[in-house]
Each structure stands twice: as C-alpha cells, then as structure tokens.
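Engineer: could you work out the structure for the sequence below:
(one chain, ligands or ions: 2)
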Amino acid sequence: ERERLARLRHTPAVTLDGERVELLANIELPQDAPGALAAGAVGVGLFRTEFLFMNRNGELPGEDEQFEAYRAAVQAMQGLPVTIRTIDIGADKPFERMSHNELRHEHTLNPAMGLRAIRWSLSEPSMFRMQLRAILRASAYGKVRLLVPMLTHLGEVRQTFEALARAKQQLSDAGVPYTDVEVGAMIEVPGAALLADSFLKHFDFVSLGTNDLIQYTLAIDRADEAVAHLYDPWHPAVLRLIANTISAAHAAGKGVSVCGEMAGDPAFTALLLSMGLRSFSMHPSQIATIKQRILRADTRRLSHHAQAILSSDAPEEACCRLLRGDTGRE
Ligand code: PEP
Ligand code: MG
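Structural biologist: Ligands and ions are numbered 1, 2, ... in the order given. Coordinates of the predicted model:
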C-alpha cells in the first residue's frame, strides 16, 4: 500500500474523462514545503503565514525575516506556485500565542467575529505593508500568489489594493526587485460567498475557506465543543454557497480553489468535482488519498447529479445514493 501511494506521487491527477485536477498543499512554515513536494503537490495553495508570528515569546518577525521565510518556501517549491496568505490571527489562532506587547489587541467576547485576519491587518497599516513588501520581495525568486483572508466588505478590498500599491511603490522607490503577483480573495464569510461575482471583479482568483464558511454560515463556533455536533459541512446552505462561488468564478473565467478541510476529505471529492471544482488545497498527508478518488472519478457523470444534490434537504444521503462508488465512503 505504501509503495502504491509512493508511485501515485508522480501520477498526474486526471479524471477518467480526462479532466485535469490541481492538488495543492496547505503549509504553515517553509519547512513544510519539501514534504508538500514529496507528497506530489503541484504547488502551495495556502501558506498560513500567521504561524511565523505564533509562539515566539519575543519579537515578531520583521520584514527581512518574513522575506527569508517566504523566499525559502518559494525556492523549496522549485518554480511551482506558492500562495501566501496574509496574516490570519484572531479567533482560533489567538493573539495570546504571540508576543502580547507588540500587537495591539483587546479582549473580545466573540473573537471569531472580532478584529481578526484582514480586519486586523487593515487596522495595523504599517505591519500590513511590511508583510506585503516581504511577500512581494519573495516574488523575485519564484511564482508567488497573494491571498487575503476573511474579506467581507468591498471597502476592505479597496483598502487592501491601496496598501498593496503603496508597498509596491515603496519597493520601487528603494530599487528592490519584485514581480507582479496574482491576488486572490479567501471566500470564507457567507456575505462574501453571496457576493462572489462582485469580489471576482477585483481578484485574479478566489479560494474557499470552508472551515470558516461553515462556522459563519451555521453560527457554530469552530472551537466550541458544546456545539461541535452541529458543525456540518453537509448543510445545504454551506453547499449552495460553495457551488455559487465556484459557478461565479467559472462565469468570470477566474480560478477557484477550496483550501478548507473539505478539500482533503475524500467524502467530498466527488461532490466538489460535480460542482466543477478543479483545484483542491489540503494537508500534504491527504494528497494521495484525494488523488485516488480523482483517478476513479468521471466528471461528466458526476456533473449530472450536482443540481439534485444541491436542492436536496439531505445532501449527504443524496450524495451517497447518486454518486455511489465516488463518495469515498465505500
Ligand atoms: C478556512 O477557514 O477554511 C481556512 C482554510 O483557513 P483557516 O483554517 O486557516 O482559518
Ligand atoms: Mg479561515
């Protein structure tokens, strides 16, 4: 079995009907990049940069240290794309795990809905520009894509691009090399998923953060054990928001990926393929399993069932019944 999985690494992820699927890795530190390559990832779909800032008990990484980390990841991926997400602190990645005194924050009763991710970055403009400069500098060493978490308001989109333009100007003024990077939005708030078409006008691609999307759509705190049984990726509302975002990206001719846990869960591979998804980003340990599902899938057959599953009150059962043999359950 081990050997079979090792051989799979070099097999391209192509469905029975010849559809190419992109399998990308989620990483937390540059040291994870070689493992991603070894697992057969064709790029990094999500580099969670907040991990560079966590558990340091001291100073936060400055621009040069961040740049070195981003460049290390980019070089380790040997020309494959590396999608670097700007800092996503707050909520399940609390400020408490970082050095307090340097980060302005206040205790909040409901951190998942508080000043986190892009909201926090926009409230700390010089820290944000520093990170953007570090990411842009890494683009001189490979294929960098920039990803912005938790966008909700179109006003935040405008502010993000203003910050990016200033960061580029600062680098240009200083004669520091960088290349133009593609910019993507995480779609992980229901409001953003409903407005996916509007967001897509401003971005080169979108990436669905299903972990947060489920939390916010169902009003279930990801970290609260008492309601964990209600955290349901199969909820029809969640599936419709995902399908809406994928369709909007196709209509706009732009890239769309899923980088939440659903992408690495074989129970959802056939369903996501049926919705038209062709890019999945996951923990490297899941890549071989998902690839096996893809090699066995026939997207033409699957796509006939997407609508029935989406309009069902019990999508999980509908999926098992209609996509028999493709759901990963057998
Ligand atoms: C998500 O929300 O699905 C996601 C990929 O981001 P994170 O888990 O880091 O919040
Ligand atoms: Mg998220």
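Engineer: give me the pLDDT for the residue in the stretch 51-200 of the chain that ligand 1 sits nearest to.
Structural biologist: With C-beta to the nearest ligand atom as the measure, E188 is the residue of the stretch 51-200 of the chain nearest to ligand 1, at 4.7 Å. For the C-beta atoms, the positions are set from N, CA and C on the backbone; glycine is no exception. With respect to pLDDT, E188 scores 98.
Engineer: please apply the same query to H305.
Structural biologist: On pLDDT, H305 comes in at 94.
Engineer: residues contacting it?
Structural biologist: Each residue near H305 by C-beta atoms under 8 Å, 6 or more residues apart in numbering is listed here: S274, A318, L322, L323.
Engineer: give me the nearest residue to the last one, chain neighbours excluded.
Structural biologist: Counting by C-beta to C-beta, 6 or more residues apart in numbering, L323 lies nearest to A270, which is 4.4 Å off, once chain neighbours are set aside.
Engineer: SS state for that neighbour?
Structural biologist: Three-state call for A270 (DSSP: H, G, I helix; E, B strand; the rest coil): helix.
Engineer: so what touches stretch 116-124?
Structural biologist: 86-91, 103-105, 115, 127-128, 131, 148-151, 156, 159-160, 163.
Engineer: ok, back up a step: the residue nearest to L323 is in contact with C320, isn't it?
Structural biologist: No - in this structure, A270 is not within contact of C320 by C-beta atoms under 8 Å, at 10.0 Å.
Engineer: so these two - more neighbours on which side?
Structural biologist: Taking neighbours as other C-beta atoms under 10 Å, A270 and C320 compare with A270 leading, 29 against 17.
Engineer: give me the pLDDT value at the more buried one.
Structural biologist: For A270, the pLDDT comes out at 96.
Engineer: state the distance from it to T15.
Structural biologist: 10 Å (C-beta to C-beta, to the nearest Å).
Engineer: overlap of the contact sets of those two?
Structural biologist: Residues touching both A270 and T15 (C-beta under 8 Å, 6+ apart) are A297.
Engineer: tally of neighbours for the closest residue to the residue of the stretch 51-200 of the chain closest to ligand 1 other than its chain neighbours?
Structural biologist: In space, and not counting its chain neighbours, E188 is closest to G209: 3.1 Å by C-beta to C-beta, 6+ apart. The number of residues packed around G209, counting by other C-beta under 10 Å, is 29.
Engineer: next up, the contacts around G209.
Structural biologist: Contacts of G209 (C-beta under 8 Å, 6+ apart): P149, M186, I187, E188, C259, G260.
Engineer: host element of the closest residue to V227 other than its chain neighbours?
Structural biologist: Nearest non-adjacent residue to V227, counting by C-beta to C-beta, 6+ apart: I220, 5.0 Å away. Using DSSP states H and E, I220 sits in no helix or strand.
Engineer: for I220, phi and psi?
Structural biologist: phi -120, psi 120 (degrees, to the nearest 10).
Engineer: and for the one 3 residues further on?
Structural biologist: As for A223, its main-chain torsions (degrees, to the nearest 10) stand at phi -100, psi 0.
Engineer: what about it, neighbour count?
Structural biologist: By the criterion of other C-beta under 10 Å, A223 has 13 neighbours.
Engineer: and it, how far from T299?
Structural biologist: Counting by C-beta to C-beta, the gap from A223 to T299 is 35 Å.
Engineer: and what of L147?
Structural biologist: 26 Å.
Engineer: these two: which is more packed in?
Structural biologist: Remark: of L147 and T299, L147 carries more neighbours, 27 against 21, as counted by other C-beta under 10 Å.
Engineer: tell me which element the more buried one falls in.
Structural biologist: Under the criterion of DSSP H and E, L147 resides in strand 144-148.
Engineer: what's near enough to touch the residue most central in space within the chain?
Structural biologist: Centroid-nearest residue in the chain: C259, 3.6 Å away (criterion: C-alpha atoms, centre = their mean). If you count contacts by C-beta under 8 Å, 6+ apart, C259 has them with L24, N26, G45, L46, M186, S207, L208, G209, S281, M282.
Engineer: same check, this time on S257
Structural biologist: E22, L24, G45, F205, V206, S207, L208, A263, L277, S279, F280, S281.
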